[in-house]
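Undergrad: Structure for this input, please:
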Amino acid sequence: MIRLLPLALILILVGCAAPSPSAPDLTASAPTLRPTPTAAVVIATRTPQPGFTLLPSTPIAPAPTPTPCVNDAAFLSDVTVPDFSQLAPGATIDKRWAVKNTGSCDWNSSYRLAFIEGNQMSAAGEHALFPAKAGSEAVLQVNMIAPDVPGEYTGRWQLRDPNGSPFGPVLFIKITVIPLATTTAQP
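TA: Numbers count the residues shown, from 1 in each chain. The predicted model follows:
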């Protein structure tokens with residue numbers, strides 16, 4: 001046994017001195033990437049080169065701004081029912097005025113003849129115009145009914161553009177409604 005002792009002792013000492021398998025390292029390390037250099041981006045632009053520039057030989061005039069047209073009219077005559085006409089109560093009136101389009105605008109159905117004051121004599125308050133070119137003559141017509149009560153009556157009318165703005169002269173009708181003759185029986 002004594003002989004075994006030194007041998008056991010040597011084995012123990014050699015076992016202690018021998019490297020033992022190492023325990024795994026538990027420290028985690030993140031992989032690192034080395035930055036790779038990026039190439040500089042070059043944007044190509046056209047650099048003006050010395051040379052010449054073409055200019056028009058004559059200056060370009062700006063487009064003219066259209067001038068708005070002007071609305072106007074002139075009274076020419078009473079075509080029917082002259083002033084101070086004597087009418088029976090309830091008589092039908094076909095009133096017509098001759099006018100001239102003295103403005104620079106052409107009239108269309110958006111233009112109106114509108115009642116403005118006096119006695120309307122059962123007429124509509126507005127009447128569409130027939131087309132009339134600038135510089136041309138036109139006849140304006142309004143159908144009315146004479147009042148039932150005898151007396152003098154006047155109605156005033158005026159032209160209006162599509163926006164409702166009045167223009168031109170005030171046109172009027174002036175009538176006298178006379179009483180119907182009464183007949184008396186002879187004895």
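Undergrad: okay, and the helix or strand of the chain with the least pLDDT?
TA: helix 4-17 (a mean of 59; mean pLDDT, DSSP states H and E).
Undergrad: Follow the chain on from that helix and name the next helix or strand.
TA: Per DSSP states H and E, the first helix or strand lying C-terminal to helix 4-17 is strand 73-78.
Undergrad: Remind me what the helix or strand immediately after that next one in the chain packs against, helices and strands.
TA: Sequence-wise, the next helix or strand downstream of strand 73-78 (DSSP H and E) is strand 85-87. On a contact count with 3 or more CB pairs under 8 Å, 6 or more residues apart in numbering; DSSP states H and E, strand 85-87 meets strand 166-177. Heads up, the C-betas are built off the backbone N, CA and C, glycines and all.
Undergrad: Residue 73 against residue 100, yeah?
TA: Yes - with contact defined as CB atoms under 8 Å, residue 73 and residue 100 form a contacting pair (6.6 Å).
Undergrad: Show me the shaky parts of the chain.
TA: Where the chain drops to pLDDT under 70, the residues are 1-59, 182-187.
Undergrad: now residue 111, nearest residue through space, not along the chain?
TA: Once flanking residues are discounted, residue 111 sits nearest to residue 129: 4.4 Å by CB to CB, 6 or more residues apart in numbering.
Undergrad: Let me fix that, I meant to ask about residue 81.
TA: residue 95 (5.0 Å).
Undergrad: so how many other residues sit close to the one you found?
TA: Residues near residue 95, counting by other CB atoms under 10 Å, number 22.
Undergrad: for it, which residues make a bridge with it?
TA: residue 142 (DSSP bridges).
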